[in-house]
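Colleague: fold the following, please.
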Amino acid sequence: MRVTIVGLGLIGGSFEKASLKAGHEVVSCHHGDKTGFEDSELILVCLPPESIVPWIDERRSLFRPGTVIVDICGIKRKICQEVAAIPKNGWTFVGGHPMAGREVSGYANSKADLFVGASMIITPDDSVPLSVIEMLKGYFESVGFHRTVVTTPENHDEMIAFTSQLCHVIATAYARDPKVVEAIGYSAGSYANMTRVATQNADIWSALYASNRDALVPVLDRFIARLSDFRAALATDNVTAMKQMIDEGTAAKKHELASK
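Modeller: Residues are numbered from 1 along each chain as shown. Here you go, the predicted structure:
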């Protein structure tokens, strides 16, 4: 398959390397490139959130009929709604989000095996043919993804607020504690795991949070309430309540692991 990768940061670079390793013909484009993608069957737009729709809109007449365009962005409703309003001459758009990444950014940190074992999420609308969905599943499997989840932009954003954005907010809050400068020599895997994604790109992640505000705020509210419950039990020496909360968390995690 002839694949164009637009944007050569961590994710775009990893798609480039994984696609080449899988035997696909790859065309790599930078943000301002206006040619090179006309004959591609699949175009992956791996740009910052605010650049995705303008890039597609400015080149809409250059895409050939039958081309499938997938954006690679952590929010879906806003992107999908705006691209849906763009006139199309036979090309198809599908929202996408790879559930893979690293705590570092840039092409130098991209890896051909970044997506191995990961999940790819796509959010096609009702106009997207089943043949396109099957083609995308095949491509994403070829570059290492373990599964492709098909859902709606609305469900995507609600779930990502919980599984991704909340984790990044927690890591940021954790890393802002004054004790972090003294952590060397006192930390193990739990500390490393909790703070790994604290080194996030402020411009990109603040834009993602803001665009998903209505989904993220309720998730934060529920998390804060659970923290407050534990704090209250600890402050009043309510060991029974603490044990119950720990047991509930353990049971929920075991259930999740058993369902994989």
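
Colleague: from here on, contacts and neighbour counts on C-alpha atoms
Modeller: Fine.

Colleague: mind listing what the most centrally placed residue in the chain touches?
Modeller: In the chain, the residue lying closest to the centroid (C-alpha atoms, centre = their mean) is residue 74, at 4.1 Å. Residues near residue 74 by C-alpha atoms under 8 Å, 6 or more residues apart in numbering: 97, 160, 208.

Colleague: tell me the SS of it?
Modeller: Using DSSP: H, G, I helix; E, B strand; the rest coil, the structure places residue 74 in coil.

Colleague: now it: how far from residue 144?
Modeller: 19 Å (C-alpha to C-alpha, to the nearest Å).

Colleague: kindly report the same for residue 207.
Modeller: Counting by C-alpha to C-alpha, the gap from residue 207 to residue 144 is 28 Å.

Colleague: what about these two, which has more around it?
Modeller: Higher neighbour count among residue 207 and residue 144: residue 144, with 21 against 15, using other C-alpha atoms under 10 Å.

Colleague: quick one: distance of the strand or helix carrying residue 170 to the chain centre.
Modeller: Remark: residue 170 resides in helix 166-175, with elements defined by DSSP states H and E. Relative to the chain's own centre, helix 166-175 is displaced by 16 Å; criterion: C-alpha atoms, centre = their mean, to the nearest Å.

Colleague: what comes up buried for the longest helix along the chain?
Modeller: Under DSSP state H, the helix in the chain containing the largest number of residues is helix 213-235. For helix 213-235, a neighbour-count test (16 or more other C-alpha atoms under 10 Å) marks 215-216, 219-220, 230, 233 as buried.

Colleague: what do you get for stretch 89-98?
Modeller: Going by 16+ other C-alpha under 10 Å, stretch 89-98 has these buried residues: 91-98.

Colleague: who's in contact with residue 75?
Modeller: Neighbours of residue 75 in contact, by C-alpha under 8 Å, 6+ apart: 97, 153, 156-157, 208, 211-212.
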